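Trainee: Give me the fold of what follows.
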Amino acid sequence: MNKEFFENHPLVKHLLYMLGVSIVIVILAFLFIKMVARQGKEYELPDYRDVALEQMKKDNPYHLEFVVIDSVYDAEKEGGIVLMQDPLPGTMIKTHRKVYITVTTFAPSDVVLPELSNMTVRSAVSALEAAGLRCGKLRFVDSPYRNVILESTCKGKMVYAGEKMSSGEVVDLTVGMGETPKGTRVPFVIGQAPAKARRGILSASLNVGQEHFEGVTDRNQCVCYKLSPDYTGVTRFPLGTYVDVWYCDATEADVERIISNFQVDSSQIFQTEFDSPEDEYDPYFDEPDPGFDDGWDW
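Mentor: Okay, here's the model as predicted:
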């Protein structure tokens, strides 16, 4: 196309001008987006768990935006400490990414003690957890009402349904032994996190004894790998027996390995006074409460 052609067809000339300008604009736009989005530049997200929120904001080389989505009271930690984060540590991210976190509160919130009287132990443990409280020790006493909650105490004082308490407080339960004392089996809590393992042990009408965290670097990521008395699925122990628990750090793959490698120690299977034939089926301990899922088989 020569100059004479464009003079005779000015519309074509203007269309070509417009096309050229459009191409330049598109190229510049792509370059701008690439520069702003920093394509190809990703960074490994640090582990902010157990770090103070204020410290995270000061030490923030990737200009991340921290969004608090929940807060939980933890008596063992100061306020403003990160408990969980999303995305998880090690995730590859770009700068200015939003990180959603759960932190500890500086003071416990008020909760109401639920009605526990006449509940079974397992139901009471679930009700306390749902209310933001923790079940402490189980004390079994002579009573014709077997496995039924008779009294609730906190720090040695009686507490009653509807009473205001601080979130996270520990409630001890007094439970009826029944006219004929019977035993219960140690539940299978191998591979479970501390909170779930404690719940499982208490729900089986047993007490949580000493908890061993030797070598554990993150209590939010550790799991149970050993019990004493051991889990056998057979041997019964007196109600209220203390079960010691050992924990170790574990990834999801480690949990599967710990569970699959677990073997019952046959030397721990022995006869007790609670293993009479009439105890082979016990509705209080062999069947879960309706609607309650504790994550393991009875």
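Trainee: Measure how buried residue 148 is and give me the count.
Mentor: Counted with other C-beta atoms under 10 Å, the neighbours of residue 148 add up to 20. From N, CA and C alone the C-beta is placed, and that goes for glycine too.
Trainee: show me where the stretch 1-150 of the chain has strands.
Mentor: 43-44, 65-72, 82-86, 92-93, 98-104, 110-112, 134-141, 149-154 (DSSP state E, counting those that start in this stretch).
Trainee: Could you dump these into a markdown table and include mean neighbour count and distance to residue 227?
Mentor: As requested, the strands of the stretch 1-150 of the chain are exported to a markdown table (neighbours: other C-beta atoms under 10 Å; distance: least, C-beta to C-beta, whole Å):
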| stretch | mean neighbour count | distance to residue 227 |
| --- | --- | --- |
| strand 43-44 | 13 | 37 |
| strand 65-72 | 13 | 27 |
| strand 82-86 | 18 | 26 |
| strand 92-93 | 12 | 39 |
| strand 98-104 | 18 | 29 |
| strand 110-112 | 14 | 31 |
| strand 134-141 | 19 | 17 |
| strand 149-154 | 18 | 25 |
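Trainee: Of these, which is nearest residue 216?
Mentor: strand 82-86 (15.7 Å; C-beta to C-beta).
Trainee: which residues touch that closest one?
Mentor: By C-beta atoms under 8 Å, 6 or more residues apart in numbering, the surrounding residues in contact with strand 82-86 are 45, 47-53, 56, 72, 74, 77, 99-104, 220.
Trainee: Which one of the strands of the stretch 1-150 of the chain lies nearest to residue 202?
Mentor: Nearest of the strands of the stretch 1-150 of the chain (C-beta to C-beta): strand 134-141, 5.2 Å.
Trainee: partner strands of that closest one, parallel or antiparallel?
Mentor: strand 170-176 (parallel) (DSSP bridges).
Trainee: residues of the strand it pairs with that come out buried?
Mentor: 171-176 (16 or more other C-beta atoms under 10 Å).
Trainee: What is the most widely separated pair among the residues you listed?
Mentor: 171 and 176 (16.9 Å).
Trainee: contacting residues around the nearest residue to residue 229 once chain neighbours are set aside?
Mentor: Distances taken as C-beta to C-beta, 6 or more residues apart in numbering place residue 186 nearest to residue 229, at 5.5 Å, with adjacent residues excluded. Taking C-beta under 8 Å, 6+ apart, we find residue 186 in contact with 201, 204, 206, 227, 229-232, 235, 237, 243.
Trainee: what's the distance between residue 186 and residue 136?
Mentor: 19 Å (C-beta to C-beta, to the nearest Å).
Trainee: same check, this time on residue 63
Mentor: 45 Å.
Trainee: now the helices for the stretch 1-150 of the chain?
Mentor: 3-8, 10-37, 53-58, 121-130 (DSSP state H, counting those that start in this stretch).
Trainee: and the second one, what's its mean pLDDT?
Mentor: Spelled out, it's helix 10-37. Averaged over helix 10-37, pLDDT sits at 77.
Trainee: Could you do the last one as well?
Mentor: Helix 121-130 shows a mean pLDDT of 93 in the predicted model.
Trainee: I'd like to know which helix or strand in the chain has the lowest mean pLDDT.
Mentor: Least confident element among the helices and strands of the chain, by mean pLDDT, DSSP states H and E: helix 283-286 (a mean of 40).
Trainee: Mind checking which of the contacts of residue 186 land in strands?
Mentor: 227, 237, 243 (DSSP state E).
Trainee: so can I have CSV of those showing pLDDT and distance to residue 253?
Mentor: Output for those, formatted as CSV (pLDDT from 0 to 100; distance: C-beta to C-beta, whole Å):
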residue, pLDDT, distance to residue 253
227, 96, 22
237, 91, 33
243, 97, 27
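Trainee: Show me which of these is closest to residue 193.
Mentor: Distances from residue 193 to those, taken by C-beta to C-beta, are shortest for residue 227, at 14.5 Å.
Trainee: and that closest one, how far is that from residue 241?
Mentor: On the measure of C-beta to C-beta, residue 227 and residue 241 end up 11 Å apart.
Trainee: Mind listing what's buried along stretch 117-132?
Mentor: 119-128, 131-132.
Trainee: hey, C-alpha coordinates of it in CSV?
Mentor: Output in CSV follows, covering the C-alpha atoms of stretch 117-132 (Å, rounded to 0.1, in the frame of the first residue of the first chain):
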residue,chain,number,x,y,z
SER,A,117,-27.7,-33.2,86.2
ASN,A,118,-29.0,-36.6,85.2
MET,A,119,-26.8,-36.6,82.1
THR,A,120,-24.5,-39.5,81.3
VAL,A,121,-20.8,-38.7,81.5
ARG,A,122,-20.4,-38.7,77.8
SER,A,123,-23.3,-36.3,77.2
ALA,A,124,-22.0,-34.0,80.0
VAL,A,125,-18.5,-33.9,78.5
SER,A,126,-20.0,-32.9,75.1
ALA,A,127,-22.3,-30.3,76.7
LEU,A,128,-19.4,-28.6,78.6
GLU,A,129,-17.3,-28.5,75.4
ALA,A,130,-20.2,-27.0,73.4
ALA,A,131,-20.6,-24.3,76.1
GLY,A,132,-16.9,-23.3,76.0
